[in-house]
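1. Can you look at this prediction? I've put the sequence above it.
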Amino acid sequence: MPTIYETIFATLLWATMTCLVVAVPGTALAYLLARRSFFGKGILSTITTLPLVLPPTAVGYLLLRLFANDGLLGVNVLGIDLNILLTWKAVVIACSAMSFPLFVRTARVAFEEVNPRLEDMGRSLGFGACRAFASITLPLASRGLVAAALLAFTRALGEFGATVIIAGNIPGQTQTLASALFSAQQSGNESVANNLLLVALGVGFVTVYATEHLTRKSQKTKGGSR
Amino acid sequence: MSENSNLFDLSLRLPLDRFELNIEYTGSARMLGVFGVSGSGKTTLLEYIAGLRKGGRGCLSFSGESWENSKEGLFLWADKRRIGYVPQDHWLFPHRSVRGNLEMGKRRALEVGVDFEAIFERVVEVLELQSTFDSRVDRLSGGERQRVALGRALCSGPQLLLLDEPLASLDRTLRRRILRFLIRVRDTFDIPMVIVSHNPMELQVLCDEILVLEEGRIVERGSPEEIFRRKSMFDTAKEQGFENVFSGILVESLDRTITLELEHEGQPVRLRVPKVEGSVGDRVIASLASDDILIATEKPTGLSARNCIPARIEGVEETELRQFAIASIGEAIPQFVVELTQDAIDELSLKPGIDVYLVFKTNAVKV
C-alpha cells in the first residue's frame, strides 16, 4: 500500500502535468475567443465550457468511449494501442478535460481586460502581430493566466468523477487524493480520511487565495495608462 | 525629398455607421491639420492612415510609397508603414516604466538605420522627460503622459507622425505648455505630421495646410492664416474656440507684463501682453479672441487698454450668426478677425480700405 505522502505527491504531480497540458492550447483558444470574431465562435465557446456543467462521470464516460478499443482513439481505429485506460495517463487526461474550461474561461477574461488599443500602439511602433502579443498582451494578461493555471491545478487536485471512470482507483497507480479520501471513508479509515481532508483544504485554500490575489492585482494594471 | 513633391496621395471610401468617409486629397504639406467637430470622421481618417483600420476602398501613398491599394489587394499594417501614432488617450504601456515605453520602438528605429541613442537623448531633452524616467506611467500627470506618448512615437524613428487631438484632454494652462513642446518637436525633428483637432488654435499654430472635415468629406482646404476667416467657416471655428493667433519676439520683460514685437518689415508692432516664462529674444506664441478687440476709427486717448495698433480693414463679412471685420496690421503678420455688431459696422462705416485702430487690453492676450 502506498503511504499517504505518496498519494499526495502523485496527485500534486498529476495536477502540475494537467496545468502543463492545458496551458498552451488553453491560452491559444482563450486569445482566439477574446480577440477574434469568426463563424462558429459561440458553438466553440459552448463546447469548451460543456465539461463545467456536465456531471464529471458523463465526461469520464465520454472519454472512456473515446479511448475504448472501438473508440475514435482506440486500438481498432488508430491501429496502435495508446495504453491510456487505467494508467496515470488517464488521470492526467481526465483532469485536463475537467480543468480545460476553467483555464480557458479565466484566461479569456484576462485577455479581454487587456485593451486592444495597446496592441495597436505596438503595431504603430513596428511590432508584428506575434511580437505585439508576446511583448504587450501576454505580459499584461500574465497574472490572469497564472490565476487560470492555479484554478486548473486546483480543479485537477479535486477531480474524482471522470478520473475514477477512465483511470480507476488503483492504489499506487491511479489513486488520487480525492479517490483515496473516498476509499478511506468507504473503508471506515477515519484518520487517513481526516488527514487527506486537511491536505485538500490547505492546498485548495492557498491556491484559491492566490488566484483571488492575482486577479485583483491584474485588474489594476491591464487597462493601459490613459 | 523635394519641397514640391506630393507627400500624400489619398483616395478613400470607408463606410461608417452614420456616413461614408469619402476623402480625396493630394498634397505636400509637411504639417497637415485636419479640423472638424466631434464625429466628423477625423480619428477614423487618422487610424486609416496609420494602418490600424481596414475595410476601405481606395489607395493611399505617402512620399511615393504605396501603403494601400484596394484594387491590387495591397494593405500594409501599421508596423510596415513606419509611422508614429499618438492617440488622444495616450495608451502608454502600463507594464513598462517611462524609459521602457520610450524604448518600445527601439528595434524598429535600429532596423531603419536611426541612431537610437542619439534620438533618444534628443527626445528626452526636448520633451524634458529626465525627471520621469523611472516612474510608473500610471503615476504621471496628464501633461507628462502626453509627452511620453509623443516621445515614444518619436523614438521609434517614424517617417510620419500622426497626432490625434494632442491637447484635447488637457486643461488650458497645460494645453499651452504642451503646445510649446509640439512646436519644439516640429522645429527640431523635421518629421511630417498629420494633426487632427477640433481646436482651430492648435492647428493655426502648428500646421501648413488645413483640411476641414464634415460628415466624412473634405469641405474646405486652405492655409491656417486664412481658412478659419472664411465666411463659410467662421461660425464653426468660433464655436470650437477660434482665436487670432500670432507670434512675436519677447523684447522687454517687466514685472507682470512683457512686450512682444511682431515680425513686420515696416514699423515694428509692439504689444503689451501678460508675463510668460522666457527671456529676451525668445519667440512667444499668443492668441486673442475676436470679441476681445475694439475698433476705433480715430486714435483713442484716455484709455486703460495698453494696446492700440494701427490697422487697415481688409473685409467686412456677415455669417448666419455673426458679423466680423478682417483687419491687417502688417504684411508678414496674420490678419486679425474682429467681431462686431451690425450697429457698430454701420456707425463706423467700416469697409475695406479704411484705416482704423485695434484696441485691446493686455490681459485679453493669452500667451
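-> Arrived safely.

2. When you work out contacts or count neighbours from here on, use the C-alpha atoms and nothing else.
-> Noted.

3. and the stretch 251-367 of chain B, which residues reach chain A?
-> By Cα under 8 Å from any Cα of the partner chain, no part of the stretch 251-367 of chain B sits against chain A.

4. Can you pull out the low-pLDDT segments for the stretch 251-367 of chain B?
-> Within the stretch 251-367 of chain B, the stretches falling below the threshold (pLDDT under 70) are B:264-266.

5. in it, what residue is nearest chain A?
-> In the stretch 251-367 of chain B, no residue comes nearer to chain A than residue B:367, which is 27.3 Å away by Cα to the nearest Cα.

6. residue contacts, that residue?
-> Contacts for residue B:367 (Cα atoms under 8 Å, 6 or more residues apart in numbering or on different chains) come out as B:176, B:273-274, B:276, B:284-287.

7. Filter those down to the buried ones and express that as a ChimeraX selection.
-> Of those, the buried ones can be selected in ChimeraX as follows, counting by 16 or more other Cα atoms under 10 Å in any protein chain shown:
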select /B:176,273,274,284,285,286,287
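
8. Just put the contacts of residue B:367 in a markdown table and tack on secondary structure.
-> Listed next are these as a markdown table, based on DSSP: H, G, I helix; E, B strand; the rest coil:
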| residue | secondary structure |
| --- | --- |
| B:176 | helix |
| B:273 | strand |
| B:274 | strand |
| B:276 | coil |
| B:284 | strand |
| B:285 | strand |
| B:286 | strand |
| B:287 | strand |
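
9. Between all of the contacts of residue B:367, which two are separated the most?
-> Spatial extent of the contacts of residue B:367 (Cα to Cα) is set by the pair B:176 and B:273 at 15.1 Å.

10. which one is residue A:29 nearest to, not counting chain neighbours?
-> Nearest residue to residue A:29, sequence neighbours excluded (Cα to Cα, 6 or more residues apart in numbering or on different chains): residue A:104, at 6.9 Å.

11. can you give me how far the helix or strand encompassing that neighbour is from the chain middle?
-> According to DSSP states H and E, residue A:104 maps onto helix A:88-112. Relative to the mean C-alpha coordinate of its chain, helix A:88-112 is positioned 3 Å out (Cα atoms, centre = their mean, to the nearest Å).

12. Kindly report the same for stretch B:333-341.
-> The answer for stretch B:333-341 is 19 Å, by Cα atoms, centre = their mean.

13. which other residues reach that stretch?
-> Contacts to stretch B:333-341, defined as Cα under 8 Å, 6+ apart, come from residues B:225, B:229, B:244-246, B:262-264, B:290-295, B:322-329.

14. go on, stretch B:184-192?
-> B:29-32, B:126, B:158-161, B:206.

15. filter those residues down to the ones close to chain A.
-> Here nothing survives when the contacts of stretch B:184-192 are matched to chain A using Cα under 8 Å from any Cα.

16. Could you find the lowest-pLDDT member of those?
-> Lowest in pLDDT among the contacts of stretch B:184-192 is residue B:126, which has 86.

17. Quick check, that one in contact with residue B:183.
-> No: counting by Cα atoms under 8 Å, residue B:126 stays clear of residue B:183, with 10.3 Å between them.

18. In chain A, what residue comes closest to chain B?
-> The minimum distance from chain A to chain B, using Cα to the nearest Cα, falls at residue A:126 (4.0 Å).

19. I'd say that residue and residue B:80 touch.
-> Yes: using Cα under 8 Å, residue A:126 is in contact with residue B:80, at 6.7 Å.

20. More neighbours: which of these two?
-> Set side by side, residue A:126 and residue B:80 show unequal neighbour counts under other Cα atoms under 10 Å in any protein chain shown, the larger going to residue A:126 at 29 against 18.

21. Three-state assignment for residue B:248, please.
-> Secondary structure of residue B:248, reduced to three states by three-state DSSP: strand.

22. again, but for residue A:34
-> Secondary structure, three-state DSSP: residue A:34 is helix.

23. check contacts around whichever residue of the stretch 101-250 of chain B sits closest to chain A.
-> Nearest residue of the stretch 101-250 of chain B to chain A (Cα to the nearest Cα) works out as residue B:105 at 5.0 Å. Going by Cα under 8 Å, 6+ apart, residue B:105 touches A:125-126, B:152-153, B:155-157.

24. same check, this time on residue B:167
-> B:88, B:175, B:178-179.

25. now, the most widely separated pair of those?
-> Spanning the widest gap among the contacts of residue B:167 are B:88 and B:179, at 14.4 Å by Cα to Cα.

26. What residues does the residue nearest the centre of chain A make contact with?
-> Nearest residue to the geometric centre of chain A (Cα atoms, centre = their mean): residue A:99, 2.8 Å. With contact set as Cα under 8 Å, 6+ apart, residue A:99 has these partners: A:18, A:22, A:151-153, A:155-156.

27. got the CA positions of whichever helix or strand residue A:179 is part of in CSV?
-> Taking DSSP H and E as the definition, one finds residue A:179 inside helix A:177-186. Below are the C-alpha coordinates for helix A:177-186, written out as CSV (Å, rounded to 0.1, in the frame of the first residue of the first chain):
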residue,chain,number,x,y,z
LEU,A,177,-6.1,12.4,-3.2
ALA,A,178,-9.8,12.5,-4.0
SER,A,179,-10.2,8.8,-4.7
ALA,A,180,-8.0,7.9,-1.7
LEU,A,181,-10.3,10.0,0.5
PHE,A,182,-13.3,8.2,-0.9
SER,A,183,-11.7,4.8,-0.3
ALA,A,184,-10.7,5.8,3.3
GLN,A,185,-14.2,7.0,4.1
GLN,A,186,-15.8,3.9,2.5
